[in-house]
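A.B. asks: next comes the sequence, and after it the predicted model I'd like to discuss.
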Amino acid sequence: MNTVKENKKTTFQELLMPELGALFRTALRMTRKREDAEDLVQETIVKSFAAFERFERGTNFRAWIFKILTNTFINNYYRVRERDKLPSLDEMEDENAFQPVFEGITPEEALLNTLTREDITQAIEALPLEFRAVVILTLVEGFAYKETSEILDIPIGTVMSRLHRGRKLLQKMLCEYSSNKKTAAREIHEECPARKS
């Protein structure tokens, strides 16, 4: 009996270790707080180890454990939202809020306009939950649409739709960040002009 338990623990740890960094990064982007991310990863590990007998060997462990992480986060999020009366997706999903402000500027071009990794991380973290989860899983962690669909338990069409809207909102925020940085740089330059020799 002990040997079976030890084998389970060893196999679980071997599969888990390569994913720990990505799990924590994703938890941090979802929760936005280090302590909450640590709690979320800990809860995910406990739940996934308890359910490890149900994991089919030879299938995608990474997608399986990310599904547990995401479901745990979403369940906790909705519990908090009920308590704090946070807005629902329907309330947040005003069509006008997701239109790009600067036509013709792609997120890639906006990134080149002096944006830092911190700016991009902040923009992703500021996305509404449903869009943030899809953007993190597909763009940051590299899951395919089908895997993201299985992790979040939503149709592939919904993944694509949320990714599209998430990208547009991200584009809007990145353009605003870029514009704000340019304005700040211009103001500093005007206040401290270079001395003429």
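C.D. replies: Here it is on my side, so go on.
A.B. asks: give me phi/psi at Ala51?
C.D. replies: phi -100, psi 10 (degrees, to the nearest 10).
A.B. asks: ok, and the closest non-adjacent residue to it?
C.D. replies: Taking CB to CB, 6 or more residues apart in numbering, and ignoring the residues beside it in sequence, Ala51 has Ile68 as its nearest neighbour in space, at 7.4 Å. C-betas here are computed from N, CA, C, even on glycine.
A.B. asks: secondary structure element holding that neighbour?
C.D. replies: helix 61-84 (DSSP states H and E).
A.B. asks: show residues contacting that helix.
C.D. replies: Residues lying outside helix 61-84 but in contact with it, judged by CB atoms under 8 Å, 6 or more residues apart in numbering, are 15-16, 19, 22-23, 26-27, 30-31, 40-41, 43-44, 47-48, 51, 55, 86, 88, 129, 133, 137, 141, 143, 147, 150-153.
A.B. asks: just for the protein, where's the confidence low?
C.D. replies: 1, 78-116, 181-197 (pLDDT under 70).
A.B. asks: got the residue ranges for the helices in it?
C.D. replies: Counting by DSSP state H, the chain forms helices over residues 2-16, 20-31, 34-50, 61-84, 89-92, 107-112, 117-126, 129-135, 145-152, 156-191, given from the N-terminal end onward.
A.B. asks: okay, now the domains of this structure?
C.D. replies: Dividing the chain into domains by automatic domain parsing, as the record does, gives the ranges 1-86, 88-197.
A.B. asks: in stretch 138-154, what counts as buried?
C.D. replies: If you call a residue buried by 16 or more other CB atoms under 10 Å, then stretch 138-154 has these buried ones: 138, 140-141, 143, 145, 147-152, 154.
A.B. asks: nearest to Gln122 among those?
C.D. replies: Using CB to CB, Val140 is the member of the buried residues of stretch 138-154 that lies nearest Gln122, at 13.7 Å.
A.B. asks: the closest one reaches Leu28, doesn't it?
C.D. replies: No - assessed by CB atoms under 8 Å, Val140 is found out of contact with Leu28, at 11.0 Å.
A.B. asks: returning to that earlier point: buried among the contacts of helix 61-84? Need that as a selection in PyMOL.
C.D. replies: The command below creates a PyMOL selection of those among the contacts of helix 61-84 that count as buried (16+ other CB under 10 Å):
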select buried, resi 15+16+19+22+23+26+27+30+31+40+41+43+44+48+55+129+133+137+141+143+147+150+151+152
